[in-house]
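Visitor: Sharing a model that was predicted from the sequence below.
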Amino acid sequence: MTAQLAAYSTSTGEAVQFWTLGTIAVIGALCTVFMKKAVHSALCLAGTMIVLAVFYLANGAYFLGIVQIVVYTGAIMMLFLFVVMLVGVTAADSLKETIKGQRWLALLCGLGFGILLIGGIGNASLEEFSGLGQANAGGNVEGIASLIFTKYVFAFEITGALLITAAVGAMVLTHRERTERARTQREMAEQRVREGKYLPPLPAPGVYARHNAVDIAGLLPDGTPSELTVNKTLRQRGQIRDVSAEALNDLKALEQRAEERLERDAIQRAKFKRAEEASK
């Protein structure tokens with residue numbers, strides 16, 4: 001066992017890579033848990049997954065490294081990040097327990113995962129291992145496929161069933177039955193006319209505000225922001241950026257520069273006229 005461990009000793013470059021990337025991965029994992037904004041947590045988790053992919057590639061597991069980047073980081077995490085950025089999650093939402101006792105359940109699951117991790121590391125350190133050369137003798141993808149569909153086929157099928165169940169459960173929980181018939185465009189237009197609301201189409205956000213972001217209200221001719229140009233959900237959350245004062249200050253500065261330029265032009269014309277009269 002000692003000779004085998006000596007044959008697979010870690011080089012200086014591998015040690016530097018492990019401790020550098022391992023530190024980044026741990027910091028990213030901690031930031032995922034302790035960040036207040038969900039978008040920042042998602043970005044930290046994506047960074048941690050990229051570091052794990054580098055570990056896979058460095059250890060000869062090329063297929064797992066590519067899958068880690070393409071599937072988890074490139075697809076799942078980016079989808080989660082886009083959903084969070086589009087829908088929006090405030091800090092108050094994370095303080096509400098949607099499932100009673102979910103924190104104790106999460107603590108119990110974390111404790112169980114830690115026990116499994118310690119058991120796996122202990123098993124790998126006590127038993128003999130064949131090494132990367134023998135594991136990838138027929139190819140990395142072929143070796144993984146052989147293990148998944150022979151030795152670990154039942155675990156693979158159970159994991160697939162759990163993932164399908166989770167996907168179906170997510171669709172069932174997010175689906176909402178419509179209790180009334182959806183109104184047509186004509187009916188909604190007639191209702192606006194009866195209620196005396198804003199009849200023409202709503203203006204786009206950021207009109208005359210020198211910015212076309214969805215959270216910036218458009219400006220009216222007098223420079224005041226129009227709430228009709230911003231989505232009602234953003235208004236209720238208080239996530240509207242006010243650029244009216246900035247725009248008015250820029251307009252005043254532009255008018256002042258224009259007046260100064262006109263005054264200079266008038267003075268230059270007067271001097272030129274006096275010079276012509278003196279020459280005559």
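Guide: Everything's here; your move.

Visitor: In terms of pLDDT, where does T165 sit?
Guide: For T165, the pLDDT comes out at 92.

Visitor: mind giving me the domain ranges of the chain?
Guide: Each domain of the chain is listed here as a residue range: 3-91+104-137, 185-279, per automatic domain parsing.

Visitor: ok, of these, where does mean pLDDT dip lowest?
Guide: Minimum mean pLDDT among the domains of the chain: domain 185-279, a mean of 75.

Visitor: Quick check: end-to-end length of that domain?
Guide: 76 Å (C-alpha to C-alpha, to the nearest Å).

Visitor: what about the strands in the protein?
Guide: Along the chain, counting by DSSP state E, strands occupy 218-219, 225-226.

Visitor: By residue count, what's the longest helix in the protein?
Guide: helix 244-279 (DSSP state H).

Visitor: Skipping its backbone neighbours, what lies nearest the residue nearest the centre of the chain in space?
Guide: In the chain, the residue lying closest to the centroid (C-alpha atoms, centre = their mean) is L81, at 2.7 Å. Leaving out its chain neighbours, the residue that sits closest to L81 by C-beta to C-beta, 6 or more residues apart in numbering is A42, at 4.5 Å. Yep, even glycine has a C-beta here, placed from its N, CA and C like the rest.

Visitor: before we move on, the earlier item: can you redo the domains of the chain as CSV with distance to V153?
Guide: What follows is the domains of the chain, written out as CSV (distance: least, C-beta to C-beta, whole Å):
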stretch, distance to V153
domain 3-91+104-137, 18
domain 185-279, 47
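
Visitor: Quick one: closest of those to L173.
Guide: domain 3-91+104-137 (14.7 Å; C-beta to C-beta).

Visitor: How far away from the center of its chain is the closest one?
Guide: Centroid separation between domain 3-91+104-137 and its chain, computed with C-alpha atoms, centre = their mean, to the nearest Å, is 19 Å.

Visitor: Enumerate every residue touching the residue nearest to L81.
Guide: Counting by C-beta atoms under 8 Å, 6 or more residues apart in numbering, A42 makes contact with 32, 77, 80-81, 84.

Visitor: Top of those residues by number of neighbours, please.
Guide: With neighbours taken as other C-beta atoms under 10 Å, the top of the contacts of A42 is M77, carrying 19 neighbours.

Visitor: In this structure it contacts A46, no?
Guide: Yes - between M77 and A46 there is a contact at 4.5 Å, judged by C-beta atoms under 8 Å.

Visitor: Chain neighbours aside, what residue packs nearest to G47?
Guide: The shortest distance from G47 to any non-neighbouring residue, by C-beta to C-beta, 6+ apart, is to G28 (4.6 Å).

Visitor: Give the full set of residues in contact with that neighbour.
Guide: So G28 contacts 44-45, 47-48, 51 (C-beta under 8 Å, 6+ apart).

Visitor: Can you show me the CA trace of stretch 221-235 as PDB?
Guide: Coordinates of each C-alpha in stretch 221-235 appear next as PDB, following Å, rounded to 0.1, in the frame of the first residue of the first chain:
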ATOM      1  CA  PRO A 221     -42.500  66.600 -21.600                       C
ATOM      2  CA  ASP A 222     -42.100  68.500 -18.300                       C
ATOM      3  CA  GLY A 223     -39.400  66.000 -17.100                       C
ATOM      4  CA  THR A 224     -41.500  64.200 -14.500                       C
ATOM      5  CA  PRO A 225     -41.500  60.400 -14.600                       C
ATOM      6  CA  SER A 226     -44.600  58.500 -15.800                       C
ATOM      7  CA  GLU A 227     -45.500  55.400 -13.700                       C
ATOM      8  CA  LEU A 228     -47.500  54.000 -16.700                       C
ATOM      9  CA  THR A 229     -44.200  53.200 -18.500                       C
ATOM     10  CA  VAL A 230     -43.000  50.700 -15.800                       C
ATOM     11  CA  ASN A 231     -44.500  47.300 -14.900                       C
ATOM     12  CA  LYS A 232     -46.900  47.300 -12.000                       C
ATOM     13  CA  THR A 233     -44.900  44.500 -10.200                       C
ATOM     14  CA  LEU A 234     -41.800  46.700 -10.200                       C
ATOM     15  CA  ARG A 235     -43.700  49.600  -8.900                       C
END
